[in-house]
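*Asks:* Pasted the sequence and its predicted model underneath.
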Amino acid sequence: MTLQELQKYLNENDLYYTDLYETENTFVIFIDWGDWKHEHLYLNHLMNKLGLQYKNCVVTDENGSDCYSAEYEYYKS
């Protein structure tokens with residue numbers, strides 16, 4: 001899967017994300033102040049449907065509510 005194909009897939013499935021880029025072996029997706037269920041959990045669901053394996057998540061900002069910011073990494077297939 002290419003970066004452009006992933007971007008199109010996420011956009012077609014109405015996922016809110018702030019940034020998307022790739023490194024040598026991973027796709028990196030950043031969600032800025034997204035709801036845990038509507039953005040964060042949904043991202044994991046969409047990536048699982050593609051068969052892309054979860055690598056890492058770093059929470060970058062949170063305030064104790066249901067919304068937070070995080071950067072996700074998935075292995076490229």
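*Replies:* Happy to help now that I have it. Numbers count the residues shown, from 1 in each chain.
*Asks:* can we go C-alpha only for contacts and neighbour counts from here?
*Replies:* Fine.
*Asks:* beta partners for the residue at minimal distance from the centre of the chain?
*Replies:* Nearest to the geometric centre of the chain sits Ile29, at 4.1 Å (C-alpha atoms, centre = their mean). Beta-bridge pairing of Ile29 under DSSP bridges involves Leu20, Tyr72.
*Asks:* Now do the same contact list for it.
*Replies:* Contact partners of Ile29, counting by C-alpha atoms under 8 Å, 6 or more residues apart in numbering, are Tyr17, Thr18, Asp19, Leu20, Tyr21, Glu71, Tyr72, Glu73.
*Asks:* if you set the cut-off to 6 Å instead, what comes out?
*Replies:* Asp19, Leu20, Glu71, Tyr72 (C-alpha atoms under 6 Å, 6 or more residues apart in numbering).
*Asks:* Which of the residues you listed sits closest to Gln53?
*Replies:* Comparing these against Gln53 with C-alpha to C-alpha picks out Tyr72 as the nearest, at 11.0 Å.
*Asks:* Thanks again, I'm all set now.
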